[in-house]
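*Asks:* Sequence first, then the predicted structure, then my questions.
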Amino acid sequence: MLMVVVGAAITPVVATDAATNASRGGGSSSTIRILIHYQPGKAPAAIAGLEASVGAHLVKEIPALQVRVLAVPDAAAENAIAVMRRSDQVDYAERDTVLQAQDNLPDDPSFPQAYSLGGGAWGWTMTHTTQAWDITQGSSGVLIAILDTGIKTTGLSDFTGQISATWNVLNATSDATTSAGNHGTYVAGIVGLAMANNAGSAGFCPGCRLMIVQVGTDSGAFMSDIASGLVWAADHGARVANMSWAGTADSSTMQSATSYAHSKGVVMTAAAGNSNCDCVTYPAADSYVLGVAGVDNAGNKAGDSNFGTWVSVAAPEGNMTAWPSINGAPGYAPVGGTSSAAPVVAGIAGLLFSANTALTNTQVEQALASTAVPASFSVRSGRVDALAALASLGFADPQASSAPLNSVAPLVMVETNGDWNYQPLAAAPQVGQVLLRGQGSWTGSAPMSLMNVQWQRCAPNAVCSVAATAAKYTVQATDSGFGFRIAVTVANGVGSTTAISAISAPVGSAPSPSASPSPSPSPSPIPSPTPSPSPGPLGTTQTLVFSGALNPANPSRTFTVTVGAGLADARLSFSKCSSLTLAVVSPGGSSVSTSGPSVVVLDSSLAAGSYTYQISGGRCSFTLTVTAPAP
């Protein structure tokens, strides 16, 4: 499965004073929030008297943890905590610190993915998640809680149908959108963007469902609100909870919340922090939490990531996800920081629960840790591997060894916001429009890679020629009157296969939705309804595949095909020759040929009859695929 970093950095990780962050819920700029856990059985009147004696008023309670969140005057905060700690009525008293979202945006969006759009989604391949998807792509019965800044889904069709529940801890409502920040959308997308819908990217557990719990804003979150959100998620069926936050101060309230959630069967993940140091952060270092460091696309420690034996595992940073706004509009692009590494582990944990719903959280945690790939820096277990974790639980890839098989045909896409957003072409291309490749869906032996993309300009008689080989193509004035299609070649160790999109309406003609590979004008792109991997005229088509090798004893090879009248599309793919020549010879002896590097394309309008395809010009193995009308 083929999938595909920018922006300004969030401030360094710090646990800030609650007085400066009152807008995150409760209090004012002249108050401090403190957390109090009383001894069991204390009378309400005694509690009220103690709180009044230090000038405290109640902000809220966390009933499951028996914690009261109080606001006290800023100047009286230290005395209030000291008084509370001396009281025999109090089990513990602590400040309600503010944690920062662990996010930063690398300058260079060009990750090394062939024919990439927006940099590419390399983290899915590194963790063997695309292979794990042969076992499970996630279950809608597995809920992954995103304890973050809410979510913004406007213009992001990849979230359609992916969200099962929402809760806003800050105002005790189900509205996690109105006051949402951007950070939570990034994180949620890495976990659970939809797959196979010709939009954006795909999350690590695209079949799982998201539980959006707003616990803060882009400027931070109170520890008590994160704890409250964790309790709510555990009580409402979450199997996994992600917390992409970090602060330098530990909290008894947070420890109680993580213990409570773990007792409910929840796997918890948290960002290790972005200070590039062996400096402990919370909740990543709390008991029962999988703290997550970040790695780059070479598998080395990401430059910003914290590290140390207190960090449980590592995972890729710089993951493709949804952006509420990029270049002024919604779109899809990678985002970095350990905030983007933690949800990788959350998504993979969701895959494990999906494969076997009877697993306990401890079994999932052990599978992730015991199968982690050794890291080149200090981290307790190593870098997570989805396929290895599933294998440790008794699962194996059910897919037989095979060359790439195209299951959903490629589509010509059109750019709507640079490389960051696009949709299927639904009308005739216009001069100046930027067309982008949609590679379709593929299965086959791993690893698969996108080997070649060809933009083909097609005349009215359906004879096509190569216009460009790139991820995208800008329509030129000289293209007027021609249609376009793309030929996508995917390769693995077994072989290579080429699939071709339908031909668009001619450039510059009146909009004609019927000529589009996807006729819906809906802003939510849908897969092409055409199940065939290659187009052809109306009627029955046939696809014939021939393999062979050229050597000194056999400098050329020929293959005979019998076809009906219409367009015959021939594709010659190879990997160890710089170029080959492909010719088609008619029954009368006339021929047409073309030469070049892989993939050589020869499209011919043929009368019904038998034709000979001839291959020559090198010394290598090859595969010839001919798609033509059946006789």
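*Replies:* Great, that's in hand.

*Asks:* What's the separation between Trp420 and Pro324?
*Replies:* Distance, Trp420 to Pro324, by Cβ to Cβ, to the nearest Å: 12 Å. Where you see a C-beta, it was placed from the backbone N, CA and C, and this is true even at glycine.

*Asks:* Equivalent analysis for Pro424, please.
*Replies:* Distance of Pro424 to Pro324, computed by Cβ to Cβ: 22 Å.

*Asks:* quick one: secondary structure of the residue nearest to Thr489 when sequence neighbours are not counted?
*Replies:* Closest residue to Thr489 apart from its sequence neighbours, by Cβ to Cβ, 6 or more residues apart in numbering: Asn452 at 4.0 Å. Classification of Asn452 using DSSP: H, G, I helix; E, B strand; the rest coil returns strand.

*Asks:* I'd like the distance between Asn452 and Ile486.
*Replies:* 10 Å.

*Asks:* So those two - more neighbours on which side?
*Replies:* Ile486 (26 against 20; other Cβ atoms under 10 Å).

*Asks:* what sits against that one?
*Replies:* Counting by Cβ atoms under 8 Å, 6 or more residues apart in numbering, Ile486 makes contact with 410, 412, 437-438, 453-456, 500-501.

*Asks:* same deal with Pro343?
*Replies:* Taking Cβ under 8 Å, 6+ apart, we find Pro343 in contact with 146, 187-188, 190-191, 204, 242, 244, 269, 319.

*Asks:* mind checking pLDDT for it?
*Replies:* In the prediction, the pLDDT value recorded for Pro343 is 97.

*Asks:* Check whether it sits in a helix, strand or coil.
*Replies:* helix.

*Asks:* Val187 now?
*Replies:* On the basis of three-state DSSP, Val187 is classed as helix.

*Asks:* What separation is there between it and His236?
*Replies:* 19 Å.

*Asks:* what's the weakest-modelled helix or strand in this protein?
*Replies:* Scoring the helices and strands of the chain by mean pLDDT, DSSP states H and E places strand 98-101 at the bottom, with a mean of 73.

*Asks:* Name the next helix or strand downstream of it, please.
*Replies:* helix 122-126 (DSSP states H and E).

*Asks:* Mind checking what helix or strand follows that following helix in sequence?
*Replies:* Sequence order places helix 129-132 as the next helix or strand after helix 122-126, per DSSP H and E.

*Asks:* can I get the CA coordinates of that next one in PDB?
*Replies:* C-alpha atoms of helix 129-132 as PDB (Å, rounded to 0.1, in the frame of the first residue of the first chain):
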ATOM      1  CA  THR A 129       2.200  -0.900   9.000                       C
ATOM      2  CA  THR A 130       1.300  -1.300   5.400                       C
ATOM      3  CA  GLN A 131       2.100  -5.000   5.600                       C
ATOM      4  CA  ALA A 132       0.300  -5.300   8.900                       C
END
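
*Asks:* chain center to the helix or strand just after it, what's the gap?
*Replies:* Counting by DSSP H and E, the next helix or strand C-terminal to helix 129-132 is strand 143-148. When distances are taken as Cα atoms, centre = their mean, to the nearest Å, strand 143-148 is centred 15 Å away from the chain's centroid.

*Asks:* Enumerate every residue touching the residue nearest to the spatial centre of the chain.
*Replies:* The chain has Gly203 as the residue nearest its centroid, 3.6 Å off, counting by Cα atoms, centre = their mean. When contacts are counted by Cβ under 8 Å, 6+ apart, Gly203 is found next to 162, 189-195, 347.

*Asks:* How about Ala233?
*Replies:* 145, 147, 167, 211, 213, 241, 261, 266.

*Asks:* Can you redo those as TSV, where the extra columns are distance to Leu65 and neighbour count?
*Replies:* Formatted as TSV, the contacts of Ala233 follow (distance: Cβ to Cβ, whole Å; neighbours: other Cβ atoms under 10 Å):
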residue	distance to Leu65	neighbour count
Ala145	17	29
Leu147	15	32
Trp167	17	22
Met211	19	27
Val213	16	30
Ala241	15	30
Ala261	11	26
Val266	15	22
